[in-house]
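> the amino acid sequence is not available; the structure is as follows:
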């Protein structure tokens, strides 16, 4: 099908959305103590430790089952965890590294910006790159004291009629099943993030037409189970909808992912992208901040670090992180900032996270695409020009894939 879509719908829920240009809804974590949260007009320093958060969450468990915990901030959020965060250990050498390339530009304030992206250099490459992918489904179990529910991506059915796991596998993120036509230009019948990246560097790709960065047919690893203690999270009503969702503190959740990565080191290697999948779960920062739809990170720095991404698939239509929208955000950011270290001179975000500037737009920045009767909401992503690069590198000199951003980032 072609990449055309109906007008985006407005976000559900009655929560205020901060104005664009103030700050992105990005939560940055480096271990629980001293984690920095920057979201919209809210900026706070949280110095609560994991143990202190656990004690407070445990005390609030009974109320959390029946109603939303008393979070100080409830808003759509995504996160990053630095590659040198506590518990993040670089893979043992020698390794086969992720396929990556380095580039640079001079931004509008005269600073040289260097970056690392996944794939090969589009200015000199005219061949496809395919990144191996593994999916790790995670079943989240809440006991009698914190919700008495289980959220299982292998069993939960979606509005598309598939299980959550199957719907991710057949979505335009992992299948080349959509012809993306942007402003009248066909950028290819391909996967969504590949289409974005081709358009991002269209001044080269329009000549190097065989350039692609694709995700391979995924290998699904055995499902992992996290038994969420009352200290770590609970079940509540989705604050952006009406149905139940689970929660879990992000640092505690990431500790579980580190254990899974270590236990599967023969399969999860630096040249592979592991995708950790939950359904109907938002992560939180301590007891203060909800709701995080996904994050990406790395164990160790470039070029040999192990990159990975996590996102949830919320099955209630119209809500934050509905279907594969959070996944389009996180895979897009992994593509252009795999090691979460591409620094930029922007007031709304100091790293090259291409999903954050648009997540406060209507429908949480996503555009619905219908494939064989199934709807997938794919978030728009900003091009390199948003961060101060010459805009003519990208398709039509646009600043974003859907032409839904007209200004460079604050600070440029």
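That came in fine, so what should we check first? Remember, it's a predicted structure, so these values are computed and weren't measured experimentally.
> what about the helices in the stretch 1-150 of the chain?
Listed in chain order, the helices of the stretch 1-150 of the chain (DSSP state H, counting those that start in this stretch) span 50-59, 61-66.
> please apply the same query to the stretch 151-300 of the chain.
Using DSSP H, counting those that start in this stretch, helices in the stretch 151-300 of the chain cover 164-169, 192-200, 202-205, 250-263.
> and those as TSV, adding distance to residue 93?
C-beta: built from backbone N, CA, C; applies to glycine. Shown next, in TSV, are the helices of the stretch 151-300 of the chain (distance: least, CB to CB, whole Å):
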stretch	distance to residue 93
helix 164-169	32
helix 192-200	29
helix 202-205	33
helix 250-263	16
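> pick the most buried one from those helices.
Scoring the helices of the stretch 151-300 of the chain by mean neighbour count under mean count of other CB atoms under 10 Å gives helix 192-200 as the most buried, with a mean of 27.
> can you spell out which helices and strands pack onto it?
Packing partners of helix 192-200 (3 or more CB pairs under 8 Å, 6 or more residues apart in numbering; DSSP states H and E): strand 178-182, strand 185-190, strand 212-215, helix 325-336.
> what angle separates that helix from helix 325-336?
Put simply, helix 192-200 runs at 50 degrees to helix 325-336, going by axes from the mean of the first three to the mean of the last three CA atoms, to 10 degrees.
> out of the helices of the stretch 151-300 of the chain, nearest to residue 92?
Proximity to residue 92 (CB to CB) singles out helix 250-263 among the helices of the stretch 151-300 of the chain, at 11.0 Å.
> how far does the closest one sit from the chain's center?
Distance of helix 250-263 from the chain centroid (CA atoms, centre = their mean, to the nearest Å) equals 17 Å.
> other SSEs contacting it?
helix 50-59, strand 73-81, strand 224-228, strand 273-279, strand 281-285, strand 289-299, strand 306-313.
> could I get the ones you listed as TSV with distance to residue 145?
Shown next, in TSV, are these (distance: least, CB to CB, whole Å):
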stretch	distance to residue 145
helix 50-59	9
strand 73-81	23
strand 224-228	10
strand 273-279	20
strand 281-285	17
strand 289-299	19
strand 306-313	23
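> re the thing from before, quick one: closest of the helices of the stretch 151-300 of the chain to residue 85.
The nearest among the helices of the stretch 151-300 of the chain, by CB to CB, is helix 250-263 at 7.8 Å.
> hang on, the earlier thing: can you tell me which of the helices and strands packed on helix 250-263 is most buried?
Of those, strand 281-285 is the most buried (mean count of other CB under 10 Å), at a mean of 29.
> quick one: it to chain centroid distance?
For strand 281-285 - counting by CA atoms, centre = their mean - the centre lies 13 Å from the chain centre.
> pLDDT below threshold where in the stretch 51-200 of the chain?
Within the stretch 51-200 of the chain, the stretches with pLDDT under 70 are 51-69.
> the residue nearest the centre of the chain and residue 319, how far apart?
Nearest residue to the geometric centre of the chain (CA atoms, centre = their mean): residue 330, 2.0 Å. Applying CB to CB, to the nearest Å, the value for residue 330 to residue 319 is 17 Å.
> can you check residue 133 too?
Distance, residue 133 to residue 319, using CB to CB: 26 Å.
> so these two - more neighbours on which side?
residue 319 (25 against 21; other CB atoms under 10 Å).
> doesn't residue 280 make contact with that one?
No - in terms of CB atoms under 8 Å, residue 319 does not count as a neighbour of residue 280; the distance is 9.5 Å.
> find the residues that touch each one of the two.
In terms of CB atoms under 8 Å, 6 or more residues apart in numbering, residue 319 and residue 280 are both contacted by the residues residue 238.
> returning to that earlier point: nearest to residue 252, of the helices and strands packed on helix 250-263?
helix 50-59 (6.4 Å).
> and residue 177, what are its phi and psi?
phi -120, psi 10 (degrees, to the nearest 10).
> contacting residues for it?
Contacts of residue 177 by CB under 8 Å, 6+ apart are 1, 170, 189, 371-372.
> try 6 Å this time
Residue 177 makes contact with residue 371, according to CB atoms under 6 Å, 6 or more residues apart in numbering.
> measure it to residue 244 for me?
For residue 177, the distance to residue 244 - CB to CB - is 32 Å.
> before we move on, what about residue 226?
Distance from residue 226 to residue 244, by CB to CB: 17 Å.
> ok, now residue 368?
Distance from residue 368 to residue 244, by CB to CB: 24 Å.
> what's the answer for residue 188, then?
Taking CB to CB, one finds residue 188 at 39 Å from residue 244.
> do residue 204 as well
Applying CB to CB to residue 204 and residue 244 gives a distance of 47 Å.
> now do residue 390
48 Å.
> next: residue 166.
As defined by CB to CB, residue 166 lies at a distance of 22 Å from residue 244.
> ok, now residue 286?
Counting by CB to CB, the gap from residue 286 to residue 244 is 22 Å.
> more neighbours, those two?
Here residue 286 and residue 244 are compared on neighbour count by other CB under 10 Å; more neighbours surround residue 286, at 24 against 16.
> so what's the predicted local confidence for the more buried one?
The confidence metric pLDDT takes the value 90 at residue 286.
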